[in-house]
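Please work out how this folds:
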Amino acid sequence: MAGDYAGKGHGKPRLIALYFILYASMFLFGLIESIKGVSLPLVKSEFGVSYDSQGGLVSLSSFGYVAFCLVASLFLQRFGLKKSMLVGYFLVCAGAAVATVVPSFWMASLTFIMINAGFGFLEVATNALGTVAFTSKAALLMGLLHFFYGFGSIVGPKAAGLLTSSLSFSWRQVYITTIVPVAALALFALSTRFDRPRSHPNGNSRSQVSFLSALRNPVVWLFSLTLGFMEVVEFGAVNWGALYLQDVYQLDPRTVGASFVSAFYVMFTLSRLLSGLAIEKAGYVRSLYISAVCTIAAYLIGFALGRNGIWALPFTGLFIAIMWPTMMAVAMKAFGPDAPVVTSAIITISGAINAVVQLIIGFTGEILGEAWGYRGCLLYAVVVLLSLRQLDRALSRRSNACTT
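Numbers count the residues shown, from 1 in each chain. Predicted coordinates for the structure are as follows:
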């Protein structure tokens, strides 16, 4: 990975170009990811499939993400950040193109698997770049980076809802429209040199661990478990929220469902934009505790009120939003120069956990009733709180061992 940054200092313009690539990538990542809030109910309706089949689609596409996070982590160590990001752009475009020709529900899964494979490469590459670029106020700067993901996630479902309801686009045509901005960003990245001045504070930092050796660290697994269930509750709204409104309350996913997902991401994005300074002041781990407790409370209120509580549920976005970037900031502090490699391992394992639980949510909706898939996110938020407690204890023991 160091090869991406070797070379002489090239000044601020190149640094600005790299920041643009990073922020634009996260914006498009969020935009395309959140389209699922509209497209998944339309896919389910088009092919007339059951809840467990829908859960299988979400889980399979999530496993595509996970598998390619692993591939991307190994690829990044060998070929560097730039090539990793270019592969991510290519896979997203290829998946969107495949959408035009899929004839069946399970073939439609190929679309989502390929797109999520691209997300795997982009996830690993952008977060790795963030860990080496943000050398102070990591939570603030990681929060700003992920603000662009949330901003894209606000635009995505509303744009998809507009295209499908007002312009009568199919879910396939919606994905085709995403190729243009992704390809344009790929061309810009291709023309930009991914290097860093030697004067950069991390210029001479080299990781002392490999991806495989990181997997032997129990603390890495605690990070992964905690982050995995954070992903479950984060993706609950986009994967299952619109279906919950459609199947439990008979509300149109193209209008009310799209507004629900967008409302979640409005809260989500505002939180990532505005919460950074408060997190820096309160402390990273304490902020994570507060976010987990408040998420549980918001779910309790929203689900307890039934139909009247629908619009309380998007407020979970205020608290869920800080989880990912703050966890990355904790990992950066815990692992120092090893953070790019270690976080790629954490992202891979946490993605696998999320994929398995998404399948469980699908079976939950099929076996216990349509209402209980999304409502299960309350339980998973409790798991976040419990696993965070174990991680906090492990980090405290690790810190004490290092100082004695």
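
May I see the buried residues of stretch 374-386?
Within stretch 374-386, the residues that qualify as buried are 374-378, 380-385, counting by 16 or more other CB atoms under 10 Å. Placement of C-beta: from N, CA and C, glycine included.

which element follows the helix or strand where Pro340 lies toward the C-terminus?
For Pro340, the element it lies in under DSSP states H and E is helix 339-368. Counting by DSSP H and E, the element after helix 339-368 in chain order, helix or strand, is helix 372-375.

which is the next helix or strand following that next one?
Counting by DSSP H and E, what follows helix 372-375 is helix 377-403.

can I get the buried residues of stretch 374-386 in TSV with pLDDT?
Converted to TSV, those look like this (pLDDT from 0 to 100):
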residue	pLDDT
Tyr374	89
Arg375	91
Gly376	92
Cys377	93
Leu378	94
Tyr380	96
Ala381	96
Val382	97
Val383	97
Val384	97
Leu385	97
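
closest to Phe20 among these?
Taking CB to CB as the measure, Phe20 lies nearest Val384 of those, at 33.0 Å.

just checking, that closest one touches Phe229?
Yes - the criterion here is CB atoms under 8 Å, and Val384 meets it with Phe229 at 4.7 Å.

Let me know the average pLDDT across the helix holding Pro340.
Rounded to a whole number, the mean pLDDT of helix 339-368 is 85.

What are the buried residues along it?
Going by neighbour count (16+ other CB under 10 Å), the buried part of helix 339-368 is 339-355, 357-359, 361-362, 364-366.

which helices and strands sit right next to it?
helix 51-79, helix 105-133, helix 211-214, helix 218-236, helix 323-335, helix 372-375 (3 or more CB pairs under 8 Å, 6 or more residues apart in numbering; DSSP states H and E).

Any chance of TSV for those, columns distance to Asp247?
As requested, the helices and strands packed on helix 339-368 are exported to TSV (distance: least, CB to CB, whole Å):
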stretch	distance to Asp247
helix 51-79	8
helix 105-133	17
helix 211-214	41
helix 218-236	15
helix 323-335	27
helix 372-375	9
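
Flag the shaky bits of this structure, pLDDT-wise.
Flagging of the chain using pLDDT under 70 yields the residue ranges 1-11, 15, 131-138, 195-208, 402-404.

For the closest residue to Phe68 other than its chain neighbours, which residues are in contact?
Once flanking residues are discounted, Phe68 sits nearest to Gly120: 3.3 Å by CB to CB, 6 or more residues apart in numbering. By CB atoms under 8 Å, 6 or more residues apart in numbering, the contact list for Gly120 reads 64-72, 88, 351.
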